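Student: the sequence and its predicted three-dimensional model are supplied below.
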Amino acid sequence: MLYPEGEFVKATFTSSDASTAAALSFTNDNGVARTIGASERLVITSYHLVSGSAVTVELFDDANANGTVDAGERIGGGDFAANGGLTESSIEHPCQLGKTPKIKASASGTVKAVVRGHLIK
């Protein structure tokens, strides 16, 4: 399914302890902070995840706002060796309307991510 292109946004995330789910912060292509509005949907077109430690890292839609990756919420991620990474490009994942995706790791350790996409109304 192809979604119409909207406003380009990018999130750059770095944490030394992402064991508690953290919402991504987005900027537009001018570098201005951009909040996802209640009537907007983020369509993720690519993401890059890197971990400095051996942990499981998850990029997910938190439908229940409970910080747990429940069935049907996982966008991507995996089990990483120290300094391991994953890149997914040329995808088209529609997030939940008005919701910002989150990142969560199974334990403390440095996690970095870049998530790109566009907002549609």
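Tutor: On my side now, so go ahead. Residues are numbered from 1 along each chain as shown.
Student: tell me the contacts of A105?
Tutor: S15, D17, A18, S19, S51, V55, T56, V57, E58, V111 (C-beta atoms under 8 Å, 6 or more residues apart in numbering). Heads up, the C-betas are built off the backbone N, CA and C, glycines and all.
Student: report pLDDT for the nearest residue to the first one once chain neighbours are set aside.
Tutor: Meaning S15. Closest residue to S15 apart from its sequence neighbours, by C-beta to C-beta, 6 or more residues apart in numbering: V111 at 5.3 Å. With respect to pLDDT, V111 has a value of 95.
Student: give me the helices and strands touching the helix or strand of the chain with the lowest mean pLDDT, please.
Tutor: Within the chain, confidence by mean pLDDT, DSSP states H and E is lowest for strand 84-94 among all helices and strands, at a mean of 90. Secondary-structure packing of strand 84-94 (3 or more C-beta pairs under 8 Å, 6 or more residues apart in numbering; DSSP states H and E): strand 41-51, strand 74-80.
Student: the first one pairs with which strands, parallel or anti?
Tutor: Each strand that strand 41-51 pairs with, and the sense of that pairing, follows from DSSP bridges: strand 84-94 (antiparallel), strand 111-120 (antiparallel).
Student: so can I have TSV of these showing mean neighbour count?
Tutor: Converted to TSV, these look like this (neighbours: other C-beta atoms under 10 Å):
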stretch	mean neighbour count
strand 84-94	14
strand 111-120	20
